[in-house]
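Asker: Mind looking at a prediction? Sequence and model below.
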Amino acid sequence: MTSSPPNTDVRNGNFICGVVEGFYGRPWTTEQRKDLFRKLKKWGMDSYVYAPKDDYKHRAYWRELYTVEEADHLTSLITAAKEQGIVFYYALSPGLDMTYSNQKEITALKRKLEQVSQFGCEAFALLFDDIESELSKSDKEAFQTFANAQVSVTNEIYNHLNGPRFLFCPTQYCSSRAVPSVTHSEYLNTLGSKLCPEIDIMWTGSKVISKTLSVESIQEITEILRRPPVIWDNLHANDYDQKRVFLGPYSGRSPELIPLLRGVLTNPNCEFYANTVAIYTLAYWSKCSLDTKVNNSISADIKLETENDDGISNEDAPVSLSKNIYHPRVALKNAIMEWLPEFFIEKEAWGPISKPQPPLTMVMPIIPILPSVNTCMSLTTTTTTTSSSACAKIPEVNTNQLQALADVCSTVTATNVTPIPNAIMNSLVSPTKVVTNDSLPNPIVTSVSNFEIPSKIPISSIPIPIMNIKNEDSVDSIVDEKSEDADATSLKNSEHNEQTMHEHSIKNATIEEDVTITEAEANNLNNGEPSVEIKSIQENVSMTDGVSLPSSPTEPMECGSSLASQSSPKPMAKSPSDDVVMSETVSTSSGSMQVEGSDTSLTSSADMNEDFEKSSNEKAITVEDLYLLCDLFYLPFEHGSRGLQLLNEFNWLKMNACILLHSGRKPDNSKPEVQEWLRRADKFSTLCQSVLVLSRKIACCTNRELVYDLFSYVWDIAGVISLLNAFVKWLSLGTFPVNINSYTQGSYTWFSKGWREMFMSGDQEPWIFRGGLTSDLQRLIPVDSGNDLFIYKLPDIPTPNYYLIRPYSNADEDEIYRVCQKKSCDESISTELYPENIRNITADHLVGPFVTINPELCMVVQNASNVMVGYACAALDARIFYRNQEMCWVPAMCEKYPLSLMDSDDLPTTAKKSIQNFHHFNYDCPSEVLNTHPSIMTCFVLDEEMATDQSVGKRLVIVLLAALRSNGSFGVHVCINQSDSHLFQFYSKMGFSEIYRDSGNSRIYLGRNF
């Protein structure tokens, strides 16, 4: 553990440096805030601003006084801050519905702040951000401008409180919101000339989230405001994107700014325990006086010291810098040393994981992005591309395509706009509860958003994570490694309440047939609680949180609220008049997955599982693990070094896979270029595995509160990385055409012309590029129009369970037959009870032709015990597939299963149908199907595995579709009986839709394009 950053500079006397809890979504808890005060003192910071947008009486119900219970909690917070030498700023946001000319409103504001002052508070703030700038009719009669109204109220309140420390957040709080510009803004000039000079004004920079703060821009706003600003810094704010958390160091702000500023307050991640790096590195920065960019020779030395041959920054920070020179990597290194002990503090958490950010629930149509329009939460539908055999031209990205970029960044596919009203929380009493009543009057005026907001807010009562802190004062203590290993050796999945899907048989060579399962058996599957041991590795694929995506166009200082988990004592029974527990509606089974190649690829599944078993004995998280974690979730405009390595290596492997092709069946490993490809593929696989190990380690940490904050992000990215690794394993087989690059280029990826430059420039707000590194990696998978396959629910609880997906190998035949034979039958007799001579007839009928004729397009999935639990098989051209089947497979089956078997009275009906199909084989697929969906596939995952993790099937299908697309196919179909409702439901969830109905044969053809 490191000590506080050295104070080697002389900064201006009253520099404010600390944290503003000013984000939207789930507020922090009382205990977390007290923990924050201790850390602020330790790291040499001095200020905290209480301004949680969705806390009960801060914004929505700002007029209401605190109850006795609430007053006790707030008093304890103020007292705790004073004990640590931290200035506690109490902020109110009255601008949503305040009438500035109404004296009753002024009186209510005074009364509220007077009450808080009686709790011991000596510093205050009024925030007028994220509101409409139009005055009401009565206000227009009293004030010339909007600025005059705010100035009048603020000055009166400031004087009424006898001139305390006071912060003011303007409505035009950044350059991009200044009308028409900073210099010519009547609003800002009015603030500068008429607001009491002792009141400090907050400013976010050039944008809501500013990549950099320049000396020139600070000098400009200082001149207009007639005072140096306090920077409200949203660099680490993540309340606008549920896919991103920011763990990179404070950067883009030179310490030379310090003498020009009144202070800096960081508005960090919604997740409290994800903020050590953000807060510590700001503290470190505040004690420096120079930037490494000031001296060109220093910058050149650092670049040589920290970059590799590819120009990607290495882990190690420069070691020869003076202590008064700020370098982000040095600050990150020290922050990680501060953060590591927190992973070993014993803290508990219960309930399902839920996101703290505001939920996103709708998609907007593609529209141009205008500077004056609030675009934070605008979403778009998914993009599609058409197939072409010609080499694809690399698409260019320009400002007119920004909405298309936001489009592919989003994994939401719904199109109905259904705004969710803000949830009104009360974190002073309980971090998980809202005000009672079945509905609440909504104080937020309709004009706040671009959508109509209902006048009543329905309040739901849904179970959510409840957390409890143990050893509260042991912030700096480290739990013994043996104790950490012994902690929580097993976890239970929550009940599975969704109906289990069942995959079933193909009726004949082109038809899959499902068989009924008894209601009792279905209930047993639905209500089971399988135990999940911590020995295995969590590695699931999650591209969105099922149903939680944004409701209204909002920004980091302008988002809706979240219903989510938070720390609190264990729940107790409440009367109907008490607060209502609230939560997101998202929970899921907690299986996950790991991908692996067949024994003809780089690493065998046995080797991979052996590596995981070995790593399971080394569960303690390390400094190296945290470096990797921070690199994966770096900053809004920048990916970390190993994040870039994942992007670059996968793209290189995909674009250069054609060097594996030669006249033989397998790649010629003697060629230098092939050896280079295999070496880099092995290196990529190692990096992928390190992410999977990281996810397992985080899932097993004793600090469960911290785990609940971080796990969903790591689970998410690990799942996407596992798919990339699976695709690389398949590429290593060399079973694709020489023009593969014309099929796998991708329309909008990190490597599209202009994309990376626009992402890193800071010219656009970061919510334009939704999803961060996770989405950038996802878009490299060669499956267009496949966003629906990346929509997964969060795990219920952090768990290290995982699945492996890999290409099929010949050694898998017995196992894949075993899985196929477990498909439900339309009779009570299991295929395992069939006579020995016909026991394999179901598998010979359904999956045998695929693994025999087209094994290169077969994928299998294994569970954490290395047992196969599912498969997905395809044929590139259904016509050729069935012609080959008729020529070589069907004759062998007719010989194996002669018609004489039909004479047996005890022969099951399903077996009889299979025999008849073999002996009367007839392929007749409609041209309407083949013209647009020429490929055919089948997929099956054991029911018990689908009950544990319903996304296994989707992940399996993604890899198979990527393999098909690499071979030039852009459409695939399945054929089922009209009565097969279970199969219809299963394939519908895989994104298949009906494309043809053959009433004469009672068949339905389902297809999807990709």
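Answerer: Thanks, I have it. Numbering: from 1, shown residues only.

Asker: all contacts plus neighbour counts: C-alpha atoms, from now on.
Answerer: Will do.

Asker: could you list every residue that touches residue 339?
Answerer: Shown in contact with residue 339 (C-alpha atoms under 8 Å, 6 or more residues apart in numbering): 276, 277.

Asker: I'd like to know how far it sits from residue 235.
Answerer: 19 Å (C-alpha to C-alpha, to the nearest Å).

Asker: Just the CA atoms of stretch 812-820, as PDB, please.
Answerer: Output of stretch 812-820 as PDB, limited to C-alpha atoms (Å, rounded to 0.1, in the frame of the first residue of the first chain):
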ATOM      1  CA  ASP A 812     -16.500 -35.900 -30.200                       C
ATOM      2  CA  GLU A 813     -18.800 -38.200 -32.200                       C
ATOM      3  CA  ASP A 814     -19.800 -40.400 -29.300                       C
ATOM      4  CA  GLU A 815     -20.500 -37.400 -27.100                       C
ATOM      5  CA  ILE A 816     -22.500 -35.600 -29.700                       C
ATOM      6  CA  TYR A 817     -24.500 -38.700 -30.200                       C
ATOM      7  CA  ARG A 818     -25.100 -39.000 -26.500                       C
ATOM      8  CA  VAL A 819     -26.400 -35.400 -26.300                       C
ATOM      9  CA  CYS A 820     -28.600 -35.900 -29.400                       C
END
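
Asker: which outside residues touch it?
Answerer: If you take C-alpha under 8 Å, 6+ apart as the criterion, stretch 812-820 is touched by 840, 842-844, 846-848, 851, 860, 868-871, 940-942.

Asker: Restricted to helices, list the residues you listed.
Answerer: Counted as lying in helices by DSSP state H, out of the contacts of stretch 812-820, are 842, 843, 844, 846, 848, 851.

Asker: Now residue 115: closest residue in space that isn't a chain neighbour?
Answerer: Spatially, and ignoring its direct neighbours in sequence, residue 115 is nearest to residue 65 (7.4 Å; C-alpha to C-alpha, 6 or more residues apart in numbering).

Asker: who's in contact with the one you found?
Answerer: Neighbouring residues of residue 65 by C-alpha under 8 Å, 6+ apart: 57, 111, 112, 115.

Asker: Now the second one: which helix or strand?
Answerer: With the criterion set as DSSP states H and E, the secondary-structure element containing residue 111 is helix 103-118.

Asker: mind listing what's buried in that helix?
Answerer: Counting neighbours by 16 or more other C-alpha atoms under 10 Å, one finds that the buried residues in helix 103-118 are 105, 106, 109, 110, 112, 113, 114, 116, 117.

Asker: Ok, stretch 893-913 next?
Answerer: Buried, per 16+ other C-alpha under 10 Å, within stretch 893-913: 893, 894, 897, 902, 908, 910, 911, 912.

Asker: so how many other residues sit close to the closest residue in space to the third one that isn't next to it in sequence?
Answerer: Nearest non-adjacent residue to residue 897, counting by C-alpha to C-alpha, 6+ apart: residue 915, 6.4 Å away. Residue 915: 26 surrounding residues under other C-alpha atoms under 10 Å.

Asker: tell me the domain ranges of this structure?
Answerer: Structural domains annotated on the chain: 16-289+324-350, 505-511+804-948+970-1009, as defined by automatic domain parsing.

Asker: helices or strands up against the helix holding residue 111?
Answerer: Here helix 103-118 is seen to pack against helix 146-160 when contacts are counted using 3 or more C-alpha pairs under 8 Å, 6 or more residues apart in numbering; DSSP states H and E.

Asker: Just checking: what are the partner strands of the helix or strand following the helix it packs on?
Answerer: Using DSSP H and E, the helix or strand that follows helix 146-160 in sequence is strand 165-169. Note on strand 165-169: by DSSP bridges, its sheet partners are strand 123-127 (parallel), strand 200-203 (parallel).

Asker: could those strands be laid out in a markdown table, adding distance to residue 281?
Answerer: As requested, the strands paired with strand 165-169 are arranged in a markdown table below (distance: least, C-alpha to C-alpha, whole Å):
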| stretch | distance to residue 281 |
| --- | --- |
| strand 123-127 | 25 |
| strand 200-203 | 20 |
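
Asker: Lowest average confidence across the domains of the chain, which one?
Answerer: Mean pLDDT values for these show the minimum at domain 505-511+804-948+970-1009, a mean of 86.

Asker: The stretch 251-400 of the chain: strands as residue ranges?
Answerer: Assigned strands in the stretch 251-400 of the chain, in chain order: 263-266, 290-291, 325-326, 347-350 (criterion: DSSP state E, counting those that start in this stretch).
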